[in-house]
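**Student:** sharing a model that was predicted from the sequence below.
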Amino acid sequence: MDRQQISRLAHARHPVAAPLADESVARLLDRATAGTERGRALDLGCGEGAWLLRTLAARPDWRAVGVDLDAAALTRARETATALGVVRRTGLHHVDVREFSSLEPFDVVLCVGATHAFGGLLPTLAAARELLAPGGRLLVGEGFWQCEPSQPALDGLGAAREDFADLATTTDRVLADGWTPVFGHVSSEQEWDDYEFSWTGSLAEWAMDHPGHPDAAAAREAADRHRTEWLHGYRGTLGFVTYLLRRD
């Protein structure tokens with residue numbers, strides 16, 4: 001069972017692929033799009049378009065572009081955009097985010113929970129810089145160490161100690177790269193638990209509801225493994241911060 005299919009099933013009841021509650025997403029988007037009556041938003045690694053579709057629903061004069069390598073997720077995004085009546089304001093591109101370019105810059109660029117596609121936070125900031133209009137805002141979500149990671153935490157994440165830093169160091173790196181946080185949100189323990197229980201539960205439930213499917217056993221195994229890695233590994237160790245940034 002490929003990772004993209006696992007991710008689609010796991011996010012069935014939590015379409016925002018990050019530990020953020022709906023209220024947190026709404027608040028971040030409101031701050032990101034404030035003061036711009038007609039704007040353009042870009043989501044790098046958009047998946048099924050949850051961030052973009054919420055932006056378009058709240059801002060009737062905005063347009064949005066999403067980029068992702070998961071063709072099935074983009075199909076779902078287009079179907080949802082059609083159902084919401086915003087498909088004419090939506091552009092979806094099936095391409096590697098590292099290869100995406102645009103002749104017209106964007107007022108808001110988003111990359112929440114997808115910085116790995118660029119190889120980390122700083123390469124993500126560099127890519128966004130080339131796509132952002134003067135005075136535009138970047139909404140970027142990244143992991144950080146809440147405490148020193150244990151070996152079980154690193155094993156559960158498939159990560160190395162140097163893959164993340166603590167919140168202060170992560171923020172210092174953003175500042176040193178020429179960006180200023182004008183707002184931010186650190187995901188709560190409740191948001192993390194809701195996200196992880198939804199991720200593992202949705203995947204396990206799909207397997208239980210489709211016992212005869214050839215991928216049922218693989219889906220259940222993935223859910224069980226992920227739950228163990230979280231509860232016995234990185235729970236309380238990995239944090240998640242979503243910055244709203246502007247260029248100095």
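**Tutor:** Thanks, I have the structure now.

**Student:** contacts and neighbour counts: CA atoms only from here.
**Tutor:** Will do.

**Student:** tell me the secondary structure at Glu229.
**Tutor:** The three-state label given to Glu229 by DSSP: H, G, I helix; E, B strand; the rest coil is helix.

**Student:** which residue is the nearest non-sequential neighbour of it?
**Tutor:** Nearest residue to Glu229 in three dimensions, chain neighbours excluded: Gly156, at 4.3 Å (CA to CA, 6 or more residues apart in numbering).

**Student:** in what helix or strand does that neighbour lie?
**Tutor:** Assessed by DSSP states H and E, Gly156 sits inside helix 151-157.

**Student:** residues making contact with the following helix or strand past that helix?
**Tutor:** Later in the chain than helix 151-157, the nearest helix or strand by DSSP H and E is helix 167-176. Around helix 167-176, the neighbours that count as contacts under CA atoms under 8 Å, 6 or more residues apart in numbering are Leu122, Phe144, Trp145, Gln146, Phe164, Thr180, Pro181, Val241.

**Student:** can I get those in CSV with distance to Met1?
**Tutor:** Output for the contacts of helix 167-176, formatted as CSV (distance: CA to CA, whole Å):
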residue, distance to Met1
Leu122, 31
Phe144, 29
Trp145, 30
Gln146, 32
Phe164, 28
Thr180, 41
Pro181, 39
Val241, 30
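
**Student:** now the worst-scoring helix or strand of the chain on mean pLDDT: buried residues?
**Tutor:** Within the chain, no helix or strand scores below helix 3-10, which has a mean of 94 by mean pLDDT, DSSP states H and E. Judged by neighbour count (16 or more other CA atoms under 10 Å), helix 3-10 contains these buried residues: Ile6, Ser7, Arg8, Leu9, Ala10.

**Student:** just stretch 171-183 next, same as before
**Tutor:** Thr171, Val174, Trp179, Thr180, Pro181.

**Student:** separation between the second one and Asp209?
**Tutor:** With the distance defined as CA to CA, to the nearest Å, Val174 ends up 44 Å from Asp209.

**Student:** and the longest helix for this structure?
**Tutor:** Using DSSP state H, we find that the single longest helix of the chain is helix 189-209.

**Student:** other SSEs contacting it?
**Tutor:** Where contact means 3 or more CA pairs under 8 Å, 6 or more residues apart in numbering; DSSP states H and E, helix 189-209 is packed against helix 3-10, helix 216-229.

**Student:** residue ranges in this protein under the pLDDT threshold?
**Tutor:** Scanning the chain for pLDDT under 70 picks out no residues.
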